[in-house]
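Participant: just the structure for this:
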Amino acid sequence: MLSTLNKIVYLSLWVSFLSVGAAPGAINLGPAPIVLGTAANYAILSKSGVSTVPPSSIIGNIGVSPIAANALTGFALTLASGGAFSTSSQVTGELFAASYAAPTPVTLTTAISNMQTAYTNANGLINPGFFNLAAGSIGGLVLTPALYKWTSAVSISSAGVTISGTSADVFVFQIAGTLTVAANARVTLVGGALASNIFWVVAGVVTADPGAHIEGVILAKTAVTLETGATMNGRILAQTFVALQSATVVG
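Facilitator: Here you go, the predicted structure:
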């Protein structure tokens, strides 16, 4: 039998289905999308550095600022002609650092500012639809479009979590503590929900254990680590360090 908590979540899902399931033009049932500005031009953006334990695979650009290119470690960088960016066999895209030639430093300063503004705006949203849902242990739940808020840590068990909505729906998860995704757990999207409309706004450390899979945009106040075999469909926008351990990021 379903617990009272799961009954509430599934009821919310059913109401959402009745409201928009047959509509030709889907209407967003969650909060407004978080504006990323030029930070959206990067699969990974960090203020403190990005490291990789090869072989990682990143599709999209990587940027670090205000630090220099030596904060991009493990990539075996090749500086491009003109010196504005570098390339790596692990990256389908370009790598940028504040120490590279113009216009890169200014471009990165803007992107970092946009990232910090996005975090502040997302973290400042009020009137959540769900407050401290499941005391932060959300493994096995189906989540519908809404603003969610937790005042402590959030964990996703090996059961994973399902995010259900249309391509217009927005999900914002405000997490005051850490976010941990268990080994081999998966964030699964159904109903047409898009990773670009899912925002994990995390004040603490984000950790994806080996083999875990995350969907969405991580707006992190601190560090993000993707352990061996972890995968992500979305973006990592972190105000400190990003560590990849033979991980995959598709931006």
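Participant: list the residues that contact residue 178.
Facilitator: Counting by CB atoms under 8 Å, 6 or more residues apart in numbering, residue 178 touches 153, 154, 202, 204, 205, 206, 207. From N, CA and C alone the C-beta is placed, and that goes for glycine too.
Participant: redo that, cut-off 7 Å
Facilitator: The neighbourhood of residue 178, defined by CB atoms under 7 Å, 6 or more residues apart in numbering, consists of 153, 204, 205.
Participant: so for the closest residue to the second one other than its chain neighbours, what's the pLDDT?
Facilitator: This means residue 204. In space, and not counting its chain neighbours, residue 204 is closest to residue 178: 3.7 Å by CB to CB, 6 or more residues apart in numbering. pLDDT for residue 178: 98.
Participant: show me what the top helix by length along the chain is packed up against.
Facilitator: Using DSSP state H, we find that the single longest helix of the chain is helix 104-123. Here helix 104-123 touches strand 198-202, strand 213-220, going by 3 or more CB pairs under 7 Å, 6 or more residues apart in numbering; DSSP states H and E.
Participant: just name the most buried of those.
Facilitator: strand 198-202 (a mean of 27; mean count of other CB atoms under 10 Å).
Participant: identify the neighbouring strands of that strand in the sheet and state each direction.
Facilitator: Here strand 198-202 is paired, per DSSP bridges, with strand 171-175 (parallel), strand 213-220 (parallel).
Participant: turn these into a markdown table, including distance to residue 142 and mean pLDDT.
Facilitator: Converted to a markdown table, these look like this (distance: least, CB to CB, whole Å; pLDDT from 0 to 100):
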| stretch | distance to residue 142 | mean pLDDT |
| --- | --- | --- |
| strand 171-175 | 12 | 98 |
| strand 213-220 | 14 | 98 |
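Participant: TSV for these, including distance to residue 105?
Facilitator: Formatted as TSV, the strands paired with strand 198-202 follow (distance: least, CB to CB, whole Å):
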stretch	distance to residue 105
strand 171-175	31
strand 213-220	23
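Participant: what segments of the stretch 1-150 of the chain are helices?
Facilitator: 4-20, 104-123 (DSSP state H, counting those that start in this stretch).
Participant: ranking helices and strands of the chain by mean pLDDT, which lands last?
Facilitator: When the helices and strands of the chain are scored by mean pLDDT, DSSP states H and E, helix 4-20 comes last with a mean of 35.
Participant: quick one: low-confidence ranges for this structure?
Facilitator: Applying pLDDT under 70 to the chain flags the ranges 1-26.
Participant: repeat that for 50
Facilitator: Filtered on pLDDT under 50, the chain yields the residue ranges 1-24.
Participant: contacts only, for residue 247.
Facilitator: If you count contacts by CB under 7 Å, 6+ apart, then residue 247 has 56, 226, 230, 231 around it.
Participant: give me the number of residues near the residue lying closest to the third one once chain neighbours are set aside?
Facilitator: Closest residue to residue 230 apart from its sequence neighbours, by CB to CB, 6+ apart: residue 208 at 4.0 Å. Taking other CB atoms under 10 Å as the neighbour definition, residue 208 ends up with a count of 28.
Participant: these two touch, right, residue 208 and residue 181?
Facilitator: Yes. At 4.7 Å, residue 208 counts as touching residue 181 under the criterion of CB atoms under 7 Å.
Participant: who's in contact with residue 140?
Facilitator: Contacts of residue 140 (CB under 7 Å, 6+ apart): 157, 159.
Participant: what does residue 74 give?
Facilitator: Going by CB under 7 Å, 6+ apart, residue 74 touches 51, 52, 53, 54.
Participant: most surrounded residue in the residues you listed?
Facilitator: Neighbour-wise, those (other CB under 10 Å) top out at residue 52, 25 neighbours.
Participant: and the gap between the nearest residue to that one once chain neighbours are set aside and residue 38?
Facilitator: Nearest residue to residue 52 in three dimensions, chain neighbours excluded: residue 74, at 3.9 Å (CB to CB, 6+ apart). Counting by CB to CB, to the nearest Å, the separation of residue 74 from residue 38 is 26 Å.
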